[in-house]
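Student: Take a look and give me a structure for this.
(chains A and B)
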Protein chains: 2
Amino acid sequence: MTQIHESVCAAQKPNKAQKDRDALVKRTLQKIKNKFIVLSGKGGVGKTSVSVNLAIALAAKGYNVGIMDVDLHGPDVPRMLGLKGMIELNENRKLRPMAYSENLKAVSIESLSARKDDAIIWRGPLKNAAIQQFISEVEWGELDYLIIDSPPGTGDEPLTVAQTIDDAKAIIVTTPQEVSLADVRKSINFCKTLKMEIFGLVENMSGFACPHCNEMIDLFGTGGGEKTAREAGVRFLGRIPFDQNVVACGDEGASFQEKYADSQVTRALADIAESIMNEAALG
Amino acid sequence: MTQIHESVCAAQKPNKAQKDRDALVKRTLQKIKNKFIVLSGKGGVGKTSVSVNLAIALAAKGYNVGIMDVDLHGPDVPRMLGLKGMIELNENRKLRPMAYSENLKAVSIESLSARKDDAIIWRGPLKNAAIQQFISEVEWGELDYLIIDSPPGTGDEPLTVAQTIDDAKAIIVTTPQEVSLADVRKSINFCKTLKMEIFGLVENMSGFACPHCNEMIDLFGTGGGEKTAREAGVRFLGRIPFDQNVVACGDEGASFQEKYADSQVTRALADIAESIMNEAALG
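Tutor: Reported below is the predicted structural model:
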């Protein structure tokens, strides 16, 4: 049964252990060229699908890519990547990330828990320590890209990332529905307040064609993300249509892009990955 | 621009102010007959839609109903209820909940913020204090039902509710997709760990008929919620199909149940509200 962990106030006074960890975090981050955190205001807009699929698209181009799952209460990255088993310690007593392929690695609290159905009932300070350890205690090695999958909202987890990784850029995911857009405007203001650069906004689940009659169905509307990006002065990275096969592949841990290489979703993801690679080349 | 609030460690040592608040929380809760917290593992499964629609269904039966939105980073209850404007202080210097109707009242951080797009960048301890104030500082009056809409996951907000309201019962919402079910098993273990009674599990967005050709489309699968409930020994409260009009009504702040009284969704919601009323009658 899961244990309850309460706030650890002592963790907030910097001591030697904290200073050592800060130094280790800094050294680890120096070896990672580009860091992107994937944010959303509302949950269930496909943030993890976008994170995982962008990481796969970048790795397919030959880059060294890491994906760090900081959604501690709903860690879905391993399942979507089809990664089973547990993270182990290597010879340097560091955590060895799970390998999806030669050049795509992942770390998630899910791969550190033996009982997958246990809940992580942690309050904020413990979550912050865990996220810092995901950087300092993991043998990431030299990476071209680190994609960080965050829980929805503007709470402890994205705040810790923003304060720990000062050159992280935000990719904000929304669906076109107004309740999601209202929350995304909060995410945009979160980034502005924390002076975190917004790389751009993705409109996910945008339009859907019935697989039987091919007529368009307005599941969550369409176009609202582009409009919100324009109003907020944020780059619009593109629309990804809804496709029930994305859900099915995520559940199976199969790569959607390999299975449905010709789909509209795969093309939209490739375009966004292209924007990321261009940005990195310029940066 | 939004302010950043860091952890308030002092708030964790009980002092006189805290003891007074605890007493006030207790007195307020004594006047509320039945408390339900709506939980989910994953975001975007329609937790807020279910909360709001159950509250409307119970109020339509003549009960006094309150809805408390403890999703501080994504507070969507006021938008879904079509509530505009701000919460005000009454003559007793208590917060007067927003009125949806004579017997349905709501409190949300959204109705306390003048600038709706500002992000609530709070760490845990401040969130806990806010939630306790949503009970102690609000003139709820005598209520038959309090429906508490929680953010997804098993973090600070549901933990505070579970520890503050010891007779709250959980209604867990999931979609049928496996990534949601994996997270819902964590929610079930969260309740067991905290000894919070689970009232039952709702399978939302279960099946979808194309509005053009009427063929069934497996958006998120179907049946997985019922299976998970059975395996965990939790009561299954029913399936609510996906209906794009629920999204549209939520965005407009219109009552789906009034606008689409004859729909399958309205019938499914009425059945769940019936279960709640029966439980309360027995309790």
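
Student: In contact with the residue positioned nearest the centre of chain A, which residues?
Tutor: Closest residue to the average C-alpha location of chain A: A:Asp149 at 1.7 Å, with Cα atoms, centre = their mean. Neighbouring residues of A:Asp149 by Cβ atoms under 8 Å, 6 or more residues apart in numbering or on different chains: A:38, A:47-48, A:51-52, A:67-71, A:77. Just so you know, the C-beta spots here come from the backbone N, C-alpha and C atoms, and that holds for glycine as well.

Student: at 10 Å what do you get?
Tutor: A:36-39, A:47-52, A:54-55, A:67-71, A:75-77, A:80, A:106, A:108, A:157 (Cβ atoms under 10 Å, 6 or more residues apart in numbering or on different chains).

Student: just checking, what packs against the helix or strand harbouring A:Val184?
Tutor: Assigned by DSSP states H and E, A:Val184 belongs to helix A:178-193. Contact analysis of helix A:178-193 by 3 or more Cβ pairs under 10 Å, 6 or more residues apart in numbering or on different chains; DSSP states H and E lists strand A:32-39, helix A:156-164, strand A:169-174, strand A:198-203, helix A:224-232, helix B:77-81, strand B:121-122, helix B:244-252 as its packing neighbours.

Student: any idea of the pLDDT on A:Glu231?
Tutor: For A:Glu231, the model assigns a pLDDT of 95.

Student: how about it, what does it touch?
Tutor: Here A:Glu231 is in contact with A:181, A:185, A:188 (Cβ under 10 Å, 6+ apart).

Student: ok, those vs B:Met205, which is closest?
Tutor: A:Leu181 (19.7 Å; Cβ to Cβ).

Student: In this structure that closest one contacts B:Gly74, no?
Tutor: No: using Cβ atoms under 10 Å, A:Leu181 makes no contact with B:Gly74, being 11.7 Å away.

Student: And the two? Which one has more around it.
Tutor: B:Gly74 (28 against 22; other Cβ atoms under 10 Å in any protein chain shown).

Student: Output the longest helix belonging to chain A.
Tutor: When chain A is parsed with DSSP state H, its longest helix is helix A:264-282.

Student: what angle separates it from strand A:169-174?
Tutor: 160 degrees (axes from the mean of the first three to the mean of the last three Cα atoms, to 10 degrees).

Student: Can you name every helix or strand that helix A:264-282 contacts?
Tutor: Judged by 3+ Cβ pairs under 10 Å, 6+ apart, helix A:264-282 is in contact with strand A:32-39, helix A:47-60, strand A:143-149, strand A:169-174, strand A:198-203, strand A:236-239, helix A:244-252, helix A:256-259.

Student: Just the buried positions in that helix, please.
Tutor: Within helix A:264-282, the residues that count as buried by 16 or more other Cβ atoms under 10 Å in any protein chain shown are A:265-266, A:268-270, A:272-273, A:275-277, A:280.

Student: roughly how far out does that helix sit from the chain middle?
Tutor: Computed by Cα atoms, centre = their mean, to the nearest Å, the separation of helix A:264-282 from the middle of its chain amounts to 16 Å.

Student: Tell me, please, where in chain A the pLDDT is lower than the cut-off.
Tutor: Applying pLDDT under 70 to chain A picks out residues A:1-14, A:282-283.

Student: try it again with 80
Tutor: A:1-14, A:280-283 (pLDDT under 80).

Student: Quick check: beta-bridge partners of A:Leu104?
Tutor: Going by DSSP bridges, A:Leu104 is paired in beta bridges with A:Val65, A:Ser101.

Student: Surely it touches A:Lys61?
Tutor: No: A:Leu104 lies out of contact with A:Lys61 (Cβ under 10 Å); the separation is 11.1 Å.

Student: between the two, what contacts are shared?
Tutor: Counting by Cβ under 10 Å, 6+ apart, the residues touching both A:Leu104 and A:Lys61 are A:Tyr145.
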